[in-house]
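Engineer: Here is my input, please return the structure:
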Amino acid sequence: MIVENVCTILQNIEREDARTSEEAAMDLMNHPQSEREANRVQASRDELVERIARAIREDGTVEPLEGLHLNHSSSPTELGHGVSKPAFCVIAQGSKEILLGDHRYRYDPAHYLITTAALPVAVRITEASEERPYLGLVLRLDPTLVGSVMVEAGHPAPRDHTAVRAIDVSQLDAGLLDAVVRLVRLLDSPIAEARFLAPLVVREIVYRLLMGEQGGRLRHVAALGGHSHRIVRALERLRKDFDQPLRIENIAREFGMSVSGFHHHFKAVTAMSPLQFQKQLRLQEARRLMLGEDLDAASAGYRVGYGDASHFTREYKRLFGAPPMRDVERLREAALASASL
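Structural biologist: Here you go, the predicted model:
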C-alpha cells in the first residue's frame, strides 16, 4: 500500500514537471512575440511623432489633407471652450483632457478618443513642453462614410434603440496605430498619390474602429433609426435655433419622443440636459461676438437670447470663470502675448 502511494506521488510529480516544462516552453515562445509586438508599437509611435513634428513645426493647427488636422503645442493650455465634431483623435506626444458636462475624458499616445456629434465641450492640453511638444491628429468622421463601410463589412444597424454617449476613450491597438501612421506617411507622397490613397486608408481606419471597442458607438450614429439618430437631429435643430426660447415639448413631438424619453436619451448622448446644452451654445457664441465683433456684454447677451443682462453675466462667469468683459480682455492679452513671441 505504501509502495503504491509512493508510486502515485512520483507519477504526479513527473506529470507536474512535464506540465511546468510545457508552460515554460510556451512562455519562451510567446515572450519574443509579445516583445516584438511592443517594439513594433513603439516604432510606430516614434514614427508618428517624427512625421507630425515635420509636418507642423510651430504651435498651431494645419489641415494637410482634407479632413485631417494636425496640432502642435509647446506648452500646456488653459481650458478652452468649443464645439466638438464627429472625429477620431490620436495623440502622438503629450496628453489632453476633454470635459463634456460633468464627465472628464483624458487620453494620451496609448489611447484614442472618438466624438460622434457636435457638442459644446471644454478642452485643454495637459502635457507639453518645448522639448516634447504636444503633437496630435484629428480625423473628421463622415457619417455617410461610416455607414458605407458598415454595410460593406456586413454589420447591420444595431437593433436596440439605446442611446449611446457621443464621446469616449479607448486603448489604441497596434493595427489601428499602424493605419494612422500609414495615413500620415502620405503627407510625404506626391499630391495625386496622397489624394488617391488617403481615402482608402481612412476607410481602413473606420473599419478598424467599427471592429473595435467603440464600434457600437459608430454604428448607432450611422444608423438610420434609433434614439441616437433622433438626438443627433435634435442637436442640429438646437444649434440652429440656439437663440430662441427652448420648448422641449415641441422638439420631443417633432422627433416622435415623449418629453421624459427625450430628456433621458438626450442626456445619455450629450452628458447634459437640453437646457444646459443650449446655455453653453449661447455663451460660447456671446464670447465669439465680443471677441470678433467687439460687442459689449449686454449687446452680446441680447443677441444670443438673454433678455436679462445680469442673468447673462452670472451664467457667463459660471462657465468661463470671469465676468464677460474681464474674460475678453484676458483672452486678448493672451493673444497679444502669444503673437509677440
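Engineer: can we go C-alpha only for contacts and neighbour counts from here?
Structural biologist: Noted.
Engineer: ok, and the spatially closest residue to residue 251 that is not a sequence neighbour, which helix or strand is that part of?
Structural biologist: Spatial nearest neighbour of residue 251, excluding adjacent residues (C-alpha to C-alpha, 6 or more residues apart in numbering): residue 234 at 7.3 Å. Element membership for residue 234, per DSSP states H and E: helix 227-240.
Engineer: on that earlier part again, settle this for me: the residue nearest to residue 251 is touching residue 250, isn't it.
Structural biologist: No - Residue 234 is beyond contact range of residue 250, at 11.0 Å (criterion: C-alpha atoms under 8 Å).
Engineer: Quick check on these two: which one has the bigger neighbour count.
Structural biologist: residue 234 (19 against 12; other C-alpha atoms under 10 Å).
Engineer: so how far is residue 85 from that one?
Structural biologist: 15 Å (C-alpha to C-alpha, to the nearest Å).
Engineer: Which parts of the stretch 101-250 of the chain are helices?
Structural biologist: Assigned by DSSP state H, counting those that start in this stretch, the stretch 101-250 of the chain shows helices spanning 143-152, 174-185, 191-211, 215-222, 227-240, 248-254.
Engineer: Of all those, which one is nearest residue 290?
Structural biologist: Closest to residue 290 of the helices of the stretch 101-250 of the chain is helix 227-240 (C-alpha to C-alpha; 19.2 Å).
Engineer: Quick check, pLDDT for residue 225.
Structural biologist: On pLDDT, residue 225 comes in at 45.
Engineer: care to break this protein down by domain?
Structural biologist: 60-222, 274-341 (automatic domain parsing).
Engineer: model confidence over the longest one, on average?
Structural biologist: If I follow you right, that is domain 60-222. Mean pLDDT, domain 60-222: 89.
Engineer: quick one: that domain to chain centroid distance?
Structural biologist: Its chain's C-alpha centre and that of domain 60-222 lie 6 Å apart, by C-alpha atoms, centre = their mean, to the nearest Å.
Engineer: Next: stretch 285-299.
Structural biologist: Here the centre of stretch 285-299 is set off from its chain's centre by 29 Å, with C-alpha atoms, centre = their mean.
Engineer: What average pLDDT does it get?
Structural biologist: 92.
Engineer: ok so residue 42 is a helix residue?
Structural biologist: Yes - under DSSP: H, G, I helix; E, B strand; the rest coil, residue 42 falls within a helix.
Engineer: Between the helices of the stretch 101-250 of the chain, which one is closest to residue 70.
Structural biologist: Nearest of these to residue 70, taken as C-alpha to C-alpha: helix 174-185 at 9.7 Å.
Engineer: and the nearest residue to residue 110 once chain neighbours are set aside, what are its phi and psi?
Structural biologist: Spatial nearest neighbour of residue 110, chain neighbours left out: residue 172 (5.5 Å); criterion: C-alpha to C-alpha, 6+ apart. In terms of degrees, to the nearest 10, the main-chain angles of residue 172 are phi -90, psi 110.
Engineer: Report how many residues lie close to residue 172.
Structural biologist: Burial measure for residue 172: 21 neighbouring residues, criterion other C-alpha under 10 Å.
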